[in-house]
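Novice: This is a predicted model, with the sequence first.
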Amino acid sequence: LDGAPLLPGDELVCEEVYGGNLNYAFRVSSASDATRSVFVKQAPDFIKCLGPGAQLSSARAALESAALVVLNSLAPAYTPRHLHFDGARAAMVMEDLREHVLLRDELLAGRVFAADASALAQFMARVHARTMRAGDAAGAVHSARFDNELLCAITSAYVFLKPYDPAEPSNRHSPALDAQVARLRSIEGGGAAAAAAALETIFREKK
């Protein structure tokens, strides 16, 4: 945290936070008061979960940092507060939402709450209303500034397409599941692959 006196005079404790796919994440807290902490995201020059062989420019961190600054102004109640960005280390420091849980973990556990859907809808509505109005010059500037074809292509491939590709090396399964896997991958049969392909088209073409 050189150059960012966020925890001045404190001995610091750093712990890695796991769960992200692209970036490393850390919680840095005061050794004398663990409630005083910040959250740090650091972007390596590869996709973290795939390793150094999957190259990806760490310049993405600067784009994400700038986007969070804008989101803080558009929907401050729904975004962690941006505190600092270190371009040399491709690291962003932000408010530590340590009392929160990951929505992904809750969904995987089958826990869905109406309040979550409402909060997500309000966040999206606030951002969309202030950036995508017809003729809104600021919205056009944001769209051009934060256009990120590379990350969009990664999402298209690894979220919507590769999971259903039998030639993809990471897609391994027990032979006992052959029938179920074939059904999921069936585009003609209207399986999950068809739904994913339709969502991928929406993801690429709609704003």
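Specialist: Happy to help now that I have it.

Novice: Quick check: which ranges of the protein have low pLDDT?
Specialist: 1-5, 133-136, 138-139, 187-190, 207 (pLDDT under 70).

Novice: how is this structure carved up into domains?
Specialist: Using automatic domain parsing, the domains assigned to the chain come out as 1-100, 101-147, 148-207.

Novice: Reformat the ones you listed as CSV; add mean neighbour count.
Specialist: The C-beta positions use only the backbone N, C-alpha and C, and glycine is treated the same way. Compiled in CSV, the domains of the chain are given as follows (neighbours: other Cβ atoms under 10 Å):
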stretch, mean neighbour count
domain 1-100, 15
domain 101-147, 12
domain 148-207, 13
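
Novice: which residues does the residue located most distally from the centre of the chain contact?
Specialist: Relative to the centre of the chain, and counting by Cα atoms, centre = their mean, the farthest-placed residue is Ala176 at 34.0 Å. Listed by Cβ atoms under 8 Å, 6 or more residues apart in numbering, the contact set of Ala176 is empty.

Novice: ok, it to Gln42 distance?
Specialist: 41 Å (Cβ to Cβ, to the nearest Å).

Novice: now swap in Val101 and tell me
Specialist: The value you get for Val101 to Gln42, if Cβ to Cβ is used, is 22 Å.

Novice: I figured Ser58 hits Lys41, correct?
Specialist: No. Assessed by Cβ atoms under 8 Å, Ser58 is found out of contact with Lys41, at 11.2 Å.

Novice: Kindly confirm my reading that Arg126 is in a strand.
Specialist: No. Read with DSSP: H, G, I helix; E, B strand; the rest coil, Arg126 is helix and lies in no strand.

Novice: In the protein, mark out all the helices, start to finish.
Specialist: For the chain, the helices defined by DSSP state H cover 60-74, 103-108, 114-131, 137-145, 149-155, 178-185, 192-205.

Novice: nearest to Phe85, of the ones you listed?
Specialist: Each of the helices of the chain has some distance to Phe85 by Cβ to Cβ; the shortest is helix 60-74, at 4.1 Å.

Novice: Can you name every helix or strand that that closest one contacts?
Specialist: Identification of packing neighbours for helix 60-74 by 3 or more Cβ pairs under 8 Å, 6 or more residues apart in numbering; DSSP states H and E yields strand 37-42, strand 82-86, strand 91-95, helix 114-131.

Novice: who's in contact with that helix?
Specialist: Taking Cβ under 8 Å, 6+ apart as the rule, helix 60-74 contacts 22-23, 41-43, 78-82, 85, 87, 90-92, 94, 126-127, 130-131, 142, 145-146, 148, 150-151.
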